[in-house]
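> show me the folded form of this:
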Amino acid sequence: MNEQAPPPLEPLDEDWSSALAVVAHPDDMEYGAAAAVARWTAQGKRVVYAMVTSGEAGIDGLAPDRCGPLREAEQIASAAAVGVDTVEFLHHPDGVLEYGLPLRRDIARLVRRHRPDVVITTNFRDTYGGVFPNQADHIAAGRATLDAVRDAGNRWVFRELLDAEGLEPWDGVRMLLAAGSPEGRHGVDVTDTFALGVASLAEHKAYLAGLGEHGMADPEEFLDAMLRMAGSRLGVRYASAFEVVPLRMPG
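Down below sits the predicted model:
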């Protein structure tokens with residue numbers, strides 16, 4: 001029996017001016033979302049990146065104390081390739097990230113400080129399409145980001161952010177976008193920024209090399225397959241797909 005084709009993607013609402021991307025590791029944004037970021041920065045939108053960890057447990061042959069700074073430097077270069085000049089690192093432990101109040105507080109602090117219209121993260125579902133299991137750090141970071149966006153708008157949650165740090169509540173986030181989600185129903189045409197997305201992923205040289213024979217031999221080939229598939233659902237050559245979680249009532 002043939003599998004049912006995935007439904008067409010709806011065009012993503014791009015009527016906003018600033019975004020904060022919060023993901024677990026350096027390189028998480030580069031598996032499809034960075035090409036969309038390149039489109040948005042070219043439109044004049046302000047995008048800030050925040051990495052919950054430094055990816056220090058990501059290269060088997062490199063000790064964490066050496067790996068972390070290297071991966072941070074690669075992420076900064078990667079972000080610059082798509083027009084992002086601010087990259088922050090929260091320095092939670094890679095590989096053993098825990099969903100909980102400390103993580104929610106740190107992300108709520110970012111939201112209050114940057115006051116974005118949109119927050120971006122990656123797939124926080126348990127699997128990729130019900131087949132391949134998601135990585136635990138991705139789930140923890142994504143779910144904490146969703147909750148922290150709402151925490152950031154409530155003055156009675158994490159009161160120290162206001163009382164001790166002077167960070168006023170921010171409830172201006174209109175929606176959360178989860179890249180790579182099996183529930184992705186919206187897309188962005190990244191045909192014109194595909195090459196920048198590839199360049200952004202290619203900046204993770206040490207990490208990609210560390211994946212070895214089971215890793216990614218060709219970033220362009222990998223992204224071509226992924227973004228072409230999403231593009232076919234949007235009616236364009238290449239697209240980035242997102243799950244949209246509305247955070248304001250319609251009307």
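> show me the helices in the stretch 1-150 of the chain, by range?
If DSSP state H, counting those that start in this stretch is used as the criterion, the helices of the stretch 1-150 of the chain fall at 33-42, 64-80, 101-114, 136-152.
> next, the angle helix 64-80 makes with the shortest one.
In terms of direction (axes from the mean of the first three to the mean of the last three Cα atoms, to 10 degrees), helix 33-42 departs from helix 64-80 by 50 degrees.
> what comes up buried for helix 33-42?
Neighbour-count burial for helix 33-42 flags A33, A34, A35, A36, V37, A38, R39, W40, T41 (criterion: 16 or more other Cβ atoms under 10 Å). (Each C-beta comes from the backbone N, C-alpha and C, glycine too.)
> ok, the residue nearest to the second one when sequence neighbours are not counted to M226 distance?
Excluding the flanking residues, the one nearest A34 by Cβ to Cβ, 6 or more residues apart in numbering is S200, at 4.2 Å. Going from S200 to M226 by Cβ to Cβ, to the nearest Å gives 14 Å.
> ok, E98 next?
29 Å.
> the two: who's more crowded?
With neighbours defined as other Cβ atoms under 10 Å, E98 and M226 compare such that M226 has more, 19 against 13.
> so the more buried one lies in a strand, does it not?
No: going by DSSP: H, G, I helix; E, B strand; the rest coil, the assignment for M226 is helix, not a strand.
> ends of stretch 18-31, what's the gap?
Start and end residues of stretch 18-31 are separated by 21 Å (Cα to Cα, to the nearest Å).
> go through that stretch and flag the buried ones.
18-31.
> closest to H92 among these?
Ranked by distance to H92 (Cβ to Cβ), these are led by A24 at 8.6 Å.
> ok, now which ones touch the closest one?
Residues near A24 by Cβ atoms under 8 Å, 6 or more residues apart in numbering: M51, V52, T53, L97, T122, Q135, D137, H138, A140, A141, G142.
> apart from its neighbours in sequence, what residue is nearest the first one?
Pointing back at M51 there. F89 (5.0 Å).
> picking that back up, among the contacts of A24, the buried ones, what's the PyMOL command?
In PyMOL syntax, the buried subset of the contacts of A24 is picked out as below (16+ other Cβ under 10 Å):
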select buried, resi 51+52+53+97+122+135+137+138+140+141+142
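> which pair of the contacts of A24 spans the longest distance?
Using Cβ to Cβ for every pair in the contacts of A24, the one that comes out farthest apart is M51 and Q135, at 14.5 Å.
> these two touch, right, T122 and D28?
Yes: using Cβ atoms under 8 Å, T122 makes contact with D28 at a distance of 5.2 Å.
> next one: stretch 89-106 to chain centre, how far?
15 Å (Cα atoms, centre = their mean, to the nearest Å).
> for G210, which non-adjacent residue is closest in space?
Using Cβ to Cβ, 6+ apart, the closest residue to G210 is I59 (3.7 Å).
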